[in-house]
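>>> Next input, structure requested:
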Amino acid sequence: MGSSTPPSPRVIYSPPPPPPTTTDVPSQSYETQVRLDEIANAQARANAEFGAEIDRSQNEFFTNQDIRREQASAGEQRMTIGKQGEEERATIGAKGEQERLTQKERYAGEQVLIGARGKEERLGIETSGAQQRLGIIESGAQQRLGIQETGKEERSTQKERYAGEESLTKVKGTEERSAIRETGSETRSTVQTSGTEQRLGIRTAGEEERETIGKSATEQRASDLQKEMFRRYAENRDYEQAQNQYRT
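Residues are numbered from 1 along each chain as shown. I've put the predicted structure just below:
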């Protein structure tokens with residue numbers, strides 16, 4: 001009876017472990033820069049809108065001042081023309097009344113006192129009418145002079161007031177624009193400094209995180225290597241034990 005060769009022991013290897021997974025860490029540098037640009041653009045738009053609002057307010061103010069000045073000038077002219085017309089109509093009315101009275105009295109004198117008495121009375125009436133007319137003319141002239149002087153003083157006062165208001169408005173606008181410019185400069189400097197600090201913090205955090213991931217991956221590879229060496233050692237030990245038992 002012939003001896004048969006026993007079959008060789010079968011070694012079953014365990015499947016290799018899966019490769020280590022790498023986690024991508026998103027960087028916030030781009031998002032931070034986009035946010036900073038949005039803030040800077042919003043500030044620039046706000047500054048431009050505020051400056052445009054100040055310009056519109058100043059243009060509206062000066063336009064209203066011009067309209068009021070033209071209206072005041074037209075009002076003064078209408079008042080002066082109206083006063084002149086009133087004086088002329090009063091003078092014409094007084095003159096017509098005096099002529100009618102003179103003619104009426106002359107006719108009465110001719111009817112009652114024919115001769116010298118009527119002549120004297122007419123001369124006296126004429127002289128009185130002339131004096132009255134001269135008084136009316138002088139009075140009208142004085143009134144017109146007073147009206148002109150009053151209008152001149154009012155226009156001078158109004159002109160000085162407009163000049164003072166215009167100067168004050170210009171100074172105020174200059175100060176406001178300077179304050180806006182200074183505020184925008186400080187805001188941009190603060191945003192720039194904040195962005196720089198944020199980028200430095202993000203860069204430092206990324207470096208620390210990458211270093212931590214690198215160390216973790218190195219340690220994981222070392223642990224996997226040790227496991228693989230132990231597994232091979234165990235397989236080799238089991239194989240040698242099986243061979244020894246077979247030879248025995």
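>>> burial of Asn59, as a residue count?
Residues near Asn59, counting by other CB atoms under 10 Å, number 10. (Each C-beta comes from the backbone N, C-alpha and C, glycine too.)
>>> nope, Ser73 is what I meant
Counted with other CB under 10 Å, the neighbours of Ser73 add up to 13.
>>> Please apply the same query to Glu207.
Other residues close to Glu207 by other CB under 10 Å number 10.
>>> Run through the residues that contact the spatially most central residue of the chain.
Geometric centre of the chain, nearest residue: Phe50, 0.8 Å, by CA atoms, centre = their mean. Each residue near Phe50 by CB atoms under 8 Å, 6 or more residues apart in numbering is listed here: Ile180.
>>> how far does the helix or strand it falls within sit from the chain's center?
If you go by DSSP states H and E, Phe50 is part of helix 29-112. Taking CA atoms, centre = their mean, to the nearest Å, one finds helix 29-112 lying 30 Å from the centre of the chain it belongs to.
>>> what's the angle between the following helix or strand past that helix and helix 29-112?
For helix 29-112, the succeeding helix or strand toward the C-terminus, using DSSP H and E, is helix 116-247. Relative orientation of helix 116-247 versus helix 29-112 (axes from the mean of the first three to the mean of the last three CA atoms, to 10 degrees): 170 degrees.
>>> Now helix 116-247: average pLDDT?
The average of the pLDDT scores along helix 116-247 is 80.
>>> Likewise for stretch 43-63?
Stretch 43-63 shows an average pLDDT of 82 in the prediction.
>>> What are the buried residues along that stretch?
By neighbour count with 16 or more other CB atoms under 10 Å, stretch 43-63 contains the buried residues Asn47.
>>> Same question for stretch 68-78.
For stretch 68-78, using 16+ other CB under 10 Å, the buried residues are Glu76.
>>> Now do it, average pLDDT.
Mean predicted lDDT for stretch 68-78 stands at 79.
>>> For Asp37, see how far away Gln245 is.
Separation of Gln245 from Asp37 (CB to CB, to the nearest Å): 76 Å.
>>> Then Glu209?
In terms of CB to CB, Glu209 sits 25 Å off from Asp37.
>>> Glu76 now?
59 Å.
>>> Could you do Glu86 as well?
Taken as CB to CB, the span from Glu86 to Asp37 is 73 Å.
>>> got it, and Ala72?
With CB to CB as the criterion, Ala72 and Asp37 are 53 Å apart.
>>> And for Arg78?
To Asp37, Arg78 is 61 Å away according to CB to CB.
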